[in-house]
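[1] What would the 3D arrangement of this be:
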Amino acid sequence: MTDVTRDDPVPSAQQGTQQGGPRGRERIKGVFSTQDVKKVGTGTTTRKTIQKGFWYAEETETGDIEVQPLNNNYVPSGPKRRITIDELLEKFAPEPEFYVQTVFPRMRELNKTVARADRHRQKGETFSAEYEYGNALQVDEENVRANFGLGLTYLSRGETGKADDIFERLVKLEAAFDEEHKHLFNDFGINLRKNQMFDQAVTYYSRALELTRKDENLHLNMARAMLEKKDFTGTVEHILKALEINPAIDAGIKFLQWMQAKKLVPAEQQDVVRDMLARIAAGGGKAPAQAGTGGGGS
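    Model (predicted):
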C-alpha cells in the first residue's frame, strides 16, 4: 500500500480546499469550531460557561458537508455526520491557523504511521507492524485502518484472543464498513474464518449487512461462515439472497449446486432451491422470492 500522505493537499493559510466543488469552486476542507453556552449553578451563583468544540469538515461531491469531531490529540476521530453548507456557515467558525499549524500536521503524521505499519504487515514483519499500529491507535483509537491492520496482524500470528478484542472494537465502528475500507474489511472476514472464529465471522457479516444490505458478496461470505457452523438453513438462505441480488454471480450458483449435490439443502428449502437453479439455467432473469427459506438470516 502506498503512503496515502503523498496525495494530501497542502493547506493554504485561508483554509484547506479541494478542487471540484459545486459551480466550479473549490470544495471546503478544514477545521471549524462551535461554541456551546451553558448555565452552571442556580440563583445568584448562576454563571455562563462556554465550551468550544473543534470539527474537521470536508465537502462531498454532492455539496453536503461531512463533519467529524477532533479528539484530544487534535485528529478527526469518531462518527461523521452530514450537514448542509448553510448550517456550516451559520453554526461553525473557520479555524484556518489551527488547521494549518496543528491538525493537518498531526493527520499527516498519523497517516504516515499507519502506512509504515501496513508496509511492515505486508512484508510479514508482524511485530514491527504491531508496534506502529499501536502508535497510531494511541493517537486515534478509532482509526479504521489501524484497527483492521492490527487485527489482521494478530490473526496472521494465530493470536485469536487479541484478534477478538479488535473484532469487538471494529463491529462497533460504522466507518469500518465503508466502501473505502472494503479491501481490509474483506481480508479481515476471511481471516476470521481461517482462524475458525466462526461465531465472530457471523456477527461481523451480520453487522455489515445491517449497513449494506444489497451486497451479494456479503451474503456469500455469511453463507460460508454459516456452513462452517453447520447451519445449513442459514447457508442456503444467504446463497439465495445473493442470487436474488445478482442471479448471474457464478460463485453463488456453484455454491448452491454444491450444497444440492452434497445433500446439504434442508427439506423445507428443496423446492425454492430447485426453482432458483431452474430459472438461472433457463436464463429467466430475476431470481424468485424466498418465501419459506427458513431461519439463519442476517
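[2] Show me the beta-bridge partners of the nearest residue to P76 once chain neighbours are set aside.
    Distance criterion C-beta to C-beta, 6 or more residues apart in numbering; nearest residue to P76, sequence neighbours excluded, is Y56 at 3.8 Å. In short, each C-beta sits where N, CA and C put it, glycine included. Taking DSSP bridges, one finds V31, Q68 as the beta-bridge partners of Y56.
[3] any idea how far Y56 lies from N72?
    14 Å (C-beta to C-beta, to the nearest Å).
[4] Looking at these two, which is more packed in?
    Taking neighbours as other C-beta atoms under 10 Å, Y56 and N72 compare with Y56 leading, 23 against 7.
[5] low pLDDT regions in the stretch 101-250 of the chain?
    Along the stretch 101-250 of the chain, segments meeting pLDDT under 70 span 213.
[6] quick check: longest helix of the chain.
    helix 104-122 (DSSP state H).
[7] Off-centre distance for the helix or strand following that helix?
    Next in sequence after helix 104-122, counting helices and strands by DSSP states H and E, comes helix 126-139. From the chain centre to the centre of helix 126-139 is a distance of 20 Å (C-alpha atoms, centre = their mean, to the nearest Å).
[8] And helix 126-139, what does it pack against?
    helix 104-122, helix 144-156 (3 or more C-beta pairs under 8 Å, 6 or more residues apart in numbering; DSSP states H and E).
[9] Would you tell me which one of those is buried the most?
    Among these, the stretch with the highest mean neighbour count (mean count of other C-beta atoms under 10 Å) is helix 144-156, at a mean of 23.
[10] packing partners for it?
    Applying 3+ C-beta pairs under 8 Å, 6+ apart, one finds that helix 144-156 makes contact with helix 104-122, helix 126-139, helix 160-170, helix 182-194.
[11] who's in contact with that helix?
    Residues outside helix 144-156 that contact it (C-beta atoms under 8 Å, 6 or more residues apart in numbering) are 114, 117-118, 121, 124, 126, 129-130, 133-134, 136-137, 140, 160, 162-163, 166-167, 169-170, 173, 175-176, 178, 181, 184-185, 187-188, 191-192, 194-195.
[12] ok, and for stretch 176-183, which residues are buried?
    A176, F177, H181 (16 or more other C-beta atoms under 10 Å).
[13] which among the residues you listed gets closest to G283?
    Of all those, F177 has the smallest distance to G283: 33.4 Å, by C-beta to C-beta.
[14] how far does the longest helix of the chain sit from the chain's center?
    18 Å.
[15] what's the angle from it to helix 126-139?
    160 degrees (axes from the mean of the first three to the mean of the last three C-alpha atoms, to 10 degrees).
[16] name the helices or strands packed onto helix 104-122?
    helix 126-139, helix 144-156.
[17] Can you classify V37 by secondary structure?
    strand (DSSP: H, G, I helix; E, B strand; the rest coil).
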